[in-house]
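Colleague: model this:
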Amino acid sequence: MDKPPPPGVKAVALVESNSRPGGVQLVSTHRTNKTADPMDLVELAQTIQKADEFVKATAGSKLTEIANQIRYLQERARKALEEAKRDNNLHHYACNLVKKPGTIYYLYERESGQKYMSILSPQEWGPSCPHDFIGAYKLEHDQSWTPIEEMEERSTQFALIDKILNTQNAIQDSAGVNVSELSGQHPT
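Modeller: Presented below is the predicted three-dimensional model:
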């Protein structure tokens with residue numbers, strides 16, 4: 001009868017012994033069925049237990065990474081929704097002129113609570129500014145709005161995108177260059 005493993009050590013599954021698999025004697029049973037050192041089984045059990053711990057740690061690490069990515073994506077989604085709401089509100093505020101991309105608009109609020117867009121900045125109004133200034137926004141070509149305090153960062157992003165696109169175009173253009181054009185020879 002099998003003895004239970006000592007406390008703290010998991011049972012080890014060993015390969016069944018069969019001296020004649022499929023009815024054929026493959027090797028000498030005297031040589032293969034040697035008595036093993038009992039410490040080999042303990043060492044094998046400890047190795048399996050250590051492997052279990054590593055598997056749990058690796059899975060835990062991967063799940064933690066995924067949880068962090070989920071939190072990041074949730075934050076990005078929250079920010080995207082806030083920006084969409086802001087952009088939608090800015091498009092619907094009162095404005096007596098056609099809004100054109102690339103222009104900075106200034107948001108004011110009347111005493112009545114009505115918010116409206118103007119092309120006049122508080123500096124242009126000077127001390128005679130009739131309403132409360134709320135903020136300044138640039139209308140982008142994709143119809144999104146960039147707050148004035150984020151304009152420099154957004155311009156840097158657009159410049160980087162343009163640089164990448166121009167580099168990609170240069171690569172594609174150079175891929176179609178004829179070798180004879182590079183050497184200065186003209187085809188005959």
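
Colleague: Thr156 - that's part of a strand, no?
Modeller: No - Thr156: not assigned to a strand; according to DSSP: H, G, I helix; E, B strand; the rest coil it is helix.

Colleague: quick one: pLDDT of it?
Modeller: pLDDT for Thr156: 88.

Colleague: Please report the distance of it from Asp142.
Modeller: From Thr156 over to Asp142 the distance is 17 Å, taken as C-beta to C-beta, to the nearest Å. For every residue, glycine as well, the C-beta is placed using N, CA and C.

Colleague: Out of those two, name the residue with the larger neighbour count.
Modeller: In this view Thr156 and Asp142 are compared by other C-beta atoms under 10 Å, and Thr156 has more residues nearby, 10 against 7.

Colleague: And the more buried one, how far from Pro147?
Modeller: From Thr156 to Pro147 the distance is 15 Å (C-beta to C-beta).

Colleague: Can you point out the buried residues in the host helix or strand of Leu107?
Modeller: Assigned by DSSP states H and E, Leu107 belongs to strand 104-109. By neighbour count with 16 or more other C-beta atoms under 10 Å, strand 104-109 contains the buried residues Tyr105, Tyr106, Leu107, Tyr108.

Colleague: Surely the first one and Leu139 touch.
Modeller: Yes - look at Tyr105 against Leu139 with C-beta atoms under 8 Å: they come within range, at 6.4 Å.

Colleague: Now do the shared contacts for these two.
Modeller: Counting by C-beta atoms under 8 Å, 6 or more residues apart in numbering, the contacts common to Tyr105 and Leu139 are Lys99.

Colleague: by contact count, what packs against the helix or strand hosting Ser61?
Modeller: Ser61 belongs to helix 38-92 when elements are defined using DSSP H and E. In terms of contacts (3 or more C-beta pairs under 8 Å, 6 or more residues apart in numbering; DSSP states H and E), helix 38-92 is packed against strand 145-147.
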